[in-house]
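Student: Predicted model and sequence below, questions to follow.
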Number of protein chains: 2
Amino acid sequence: MITERTEEYLEAIYYLYERGEAATTTSVAKELKVAPASATQMLKKLAKQGYLKYVPYRGVTLTPKGEKIGKKVLRKHRVMEKFLSNLGLPKSRVHKDACELEHHIPDDLERVIHQRFEGERLLPPGAPSNVVPLTSLLDGQKGIVSFIGGGRGASQRLTDLGLTPRTEIKVVKSALFRGPLMVSVRGTTLAIGRGIAATVFVRVK
Amino acid sequence: MITERTEEYLEAIYYLYERGEAATTTSVAKELKVAPASATQMLKKLAKQGYLKYVPYRGVTLTPKGEKIGKKVLRKHRVMEKFLSNLGLPKSRVHKDACELEHHIPDDLERVIHQRFEGERLLPPGAPSNVVPLTSLLDGQKGIVSFIGGGRGASQRLTDLGLTPRTEIKVVKSALFRGPLMVSVRGTTLAIGRGIAATVFVRVK
DNA sequence: CTTTAAATTTAGGCATGCCTAAACTTTGCC
DNA sequence: GGCAAAGTTTAGGCATGCCTAAATTTAAAG
Ligand SMILES: [Fe+2]
Ligand SMILES: [Fe+2]
Ligand SMILES: [Fe+2]
Ligand SMILES: [Fe+2]
C-alpha cells in the first residue's frame, strides 16, 4: 500500500521537475519542510520501491512509475484547490484542504470535478456542450478547433500558429492551471500560453 | 487527534441509535466486523476519551460530544454516497469510497455538496424515482418536464419561458453549486436561476 | 590544495493503534 | 441453582513509518 507521505514526496519531486528544477536531497527536503537527513532516508526507500532512481550526492529522477503518481497527485491537488476556492472556502484553507483531499479522491471523481470547474465561465451561451476551452483538455486529449473566442490580436497570433477552425489539435502536456500548454498541431509541437489557450474553443472527440 | 477508526465506531454506534437498536458490545462488534473483545477494548477507550458512557455488561450511550461526531460522520457518509452515485460511480464503489471520504471532507464542503443534491428529497411522495429537480441534472443530460413544484408566480414565469409539462429540456451547463443554469428548450438556449430551476421536475431519459 | 556547501551515516526517538483467541465472569432466564 | 448467551480479561501479536541532531564524508569551485 502506498502511504500518504510517499505520495507527498513524489508530488513534490514532480513539482520540482515540472518547474525544471533539480530534485536534490536538499531541494526536496525544503519543499517538504523536513531535515535533509530525513529526505535522504526517504529517497533511498522510495528508490528501493521503484518510484525513483537515486544516485548518492546526485539527487533523484522519477521512474515512469513514480512520475505517474507524482503527476496524478499534483493534478488532484490543483483540481481540488480550484474546486474548493470556487466553493468559497477561505483562502487560508484551500491549500491545506486540497493537500489532504488529493490523497483520498478517486481518479474518476477528480476527472468529473475537473471537467466542471475549468473554464466554465468562458463558454459562450448556446455553444454545444462538447465545445470547451483548450485549457480544459487533459494530456493526450484531442479536439477540433471550433472557434476563437478572443479578440483580433489573439486571432491573428493563433492563425499564424496554424490554429484555425477545423484544425485537429492534441494536448501533449497541460500544467492544468498554470504555465504554458504543449500542443501538437499538424504534426508539430508548440507551446502556447494559458491566456491565449483559453480563447481557443475545441470540439472534443 | 481523533482517529479514523474512532470516527468509524462513533458512526456505527450512532447508526444503531438512529434505528432504535441497543448499542451493546456485540452489536457494535458485528456492525464493524470485529471480534467482541476488540469492541470491548475500543469502547473502554472511547469512554475514557469522553465520547460515550460505558457500563460493563450493559452497553454504551453516546455523550453529546460523541453523538455530535457520529451523527456528522454518518451524514457525510450519506452525502458523499449520493454525490458519488449521482456522478455515475459504479455502485460497487459508492459505499466504500464514501466511507473513506467521510473522514476527509471538511464540514463546509459537505454542506455545499449536500445543498446541491438535497433537492431530490423535495420529490412529492409517490412520484416515480426517475423524476428529479432540474438542478440535479448534469451537463448534457436531457429530460422531459414532468411538473412544476413551485407556486403560481413560478409557474407563470416558467410557462412564459416555454417550460411546460411534456417539453423536452436539456441542460447545457450547470455550475453545479451556484449560479444560473443554462438550458436548451425547443431549440433555444436560456439561462434560469437555481431557485426557480429547483421547482422544475423532470423525468430523466 | 583548500574551502564550503551539500549530502550521508549513525543512532536514536516517538507515536502509536488496533486486533484476536482463549479463558473467565456476569447476566438473565427458567 | 443451573444454564446459555453476552461480555470481559488476559496476554500477546502485528505493522510500522517517519523524523532529527550531530558527526562524517563527498563534491565542486577557486
Ligand atoms: Fe498532500
Ligand atoms: Fe499537495
Ligand atoms: Fe468510514
Ligand atoms: Fe461510513
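Tutor: Looks like it arrived, so ask away. Ligands and ions are numbered 1, 2, ... in the order given.
Student: Show me what secondary structure element comes after the worst-scoring helix or strand of chain A on mean pLDDT.
Tutor: Ranked by mean pLDDT, DSSP states H and E, the weakest helix or strand in chain A is strand A:131-133, scoring a mean of 66. Going down the chain from strand A:131-133, the next helix or strand is strand A:142-148, by DSSP states H and E.
Student: That following strand: how far from the chain's middle?
Tutor: 20 Å (C-alpha atoms, centre = their mean, to the nearest Å).
Student: so what strands line up beside it?
Tutor: strand A:168-173 (antiparallel), strand A:200-204 (antiparallel) (DSSP bridges).
Student: hey, which of those is tucked in deepest?
Tutor: Across the strands paired with strand A:142-148, the average number of neighbours (mean count of other C-beta atoms under 10 Å in any protein chain shown) peaks for strand A:200-204, which reaches a mean of 22. No exception for glycine: its C-beta is placed from N, CA and C like everyone else's.
Student: does ligand 1 sit close to the longest helix belonging to chain A?
Tutor: Ranked by number of residues, the top helix in chain A under DSSP state H is helix A:64-86. No. Judged by C-beta under 5 Å from the ion, helix A:64-86 and ligand 1 are separated, with a smallest distance of 6.5 Å.
Student: Which elements pack onto that helix?
Tutor: helix A:4-18, helix A:91-101, helix A:107-117 (3 or more C-beta pairs under 8 Å, 6 or more residues apart in numbering or on different chains; DSSP states H and E).
Student: Nearest residue to residue A:80 in space, ignoring adjacent ones along the chain?
Tutor: residue A:98 (4.0 Å; C-beta to C-beta, 6 or more residues apart in numbering or on different chains).
Student: okay, now the domains of chain A?
Tutor: As recorded under automatic domain parsing, the domains making up chain A are A:4-68, A:127-204.
Student: JSON lines please, covering those domains and showing distance to residue B:201.
Tutor: Listed next are those as JSON lines, based on distance: least, C-beta to C-beta, whole Å:
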{"stretch": "domain A:4-68", "distance to residue B:201": "43"}
{"stretch": "domain A:127-204", "distance to residue B:201": "22"}
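Student: DNA strand D is nearest to which of the ones you listed?
Tutor: domain A:4-68 (3.0 Å; C-beta to the nearest atom of the strand).
Student: picking that back up, lowest average pLDDT across the domains of chain A?
Tutor: The weakest mean pLDDT among these belongs to domain A:127-204, with a mean of 75.
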